[in-house]
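Enquirer: Output the structure for:
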Amino acid sequence: MNIEPGNIKQFESFLQFNSLEEFNSHIEMWMSVHKNKLAKGKLVGLKRLIHFAAKVPGECNAKIGRVLKAIHDVLNGN
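Expert: Numbering: from 1, shown residues only. Purely as a prediction, here's the structure:
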């Protein structure tokens, strides 16, 4: 497999979810059990990763800098 940077569609063969709805349902179930165990900062980071993993359900190949910038933008620098 020739991996191209920024091309998330190439990972569709590895998907574990059949739809965005299924992915969201699993996230909700996981969060209901584990959310209270996470520090606020970790929860913010996880929610951003989940957001990035919605284009191809369950797959995220965003660089850490992009994730951090998105968190910074959403929280207005806080």
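
Enquirer: Now the longest helix belonging to the chain: average pLDDT?
Expert: Ranked by residue count, the top helix of the chain under DSSP state H comes out as helix 20-34. Averaged over helix 20-34, pLDDT sits at 94.

Enquirer: Go through the helix or strand that it is followed by and flag the buried ones.
Expert: Tracing the chain past helix 20-34, the next element assigned as helix or strand by DSSP states H and E is helix 40-52. The neighbour-count check on helix 40-52 (16 or more other CB atoms under 10 Å) flags G45, L46, R48, I50, F52 as buried. Using the backbone N, CA and C atoms, a C-beta is placed for each residue, glycine as well.

Enquirer: And stretch 55-71, by the same measure?
Expert: V56, P57, G58, E59, C60, N61, A62, V67, A70, I71.

Enquirer: what about R48, distance to A70?
Expert: Going from R48 to A70 by CB to CB, to the nearest Å gives 5 Å.

Enquirer: which residues do these two both contact?
Expert: Contact criterion CB atoms under 8 Å, 6 or more residues apart in numbering; no residue bridges R48 and A70 by contacting each.

Enquirer: What are the contacting residues of the longest helix of the chain?
Expert: Counting by CB under 8 Å, 6+ apart, F17, I50, A53, A54, P57, G58 sit against helix 20-34.

Enquirer: ok, now with 10 Å
Expert: 15-17, 19, 35, 38, 43, 46-47, 50, 53-59 (CB atoms under 10 Å, 6 or more residues apart in numbering).

Enquirer: By pLDDT, give me the weakest of the buried residues of stretch 55-71.
Expert: N61 (78).

Enquirer: among the buried residues of stretch 55-71, which are in strands?
Expert: Secondary structure from DSSP state E places none of the buried residues of stretch 55-71 in strands.

Enquirer: Now, those residues that are in helices?
Expert: Within these, residues falling in helices by DSSP H are V67, A70, I71.

Enquirer: Any chance of TSV for these, columns distance to M29?
Expert: TSV is the format used below for those (distance: CB to CB, whole Å):
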residue	distance to M29
V67	23
A70	24
I71	24
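
Enquirer: Kind regards, and thank you for your time.
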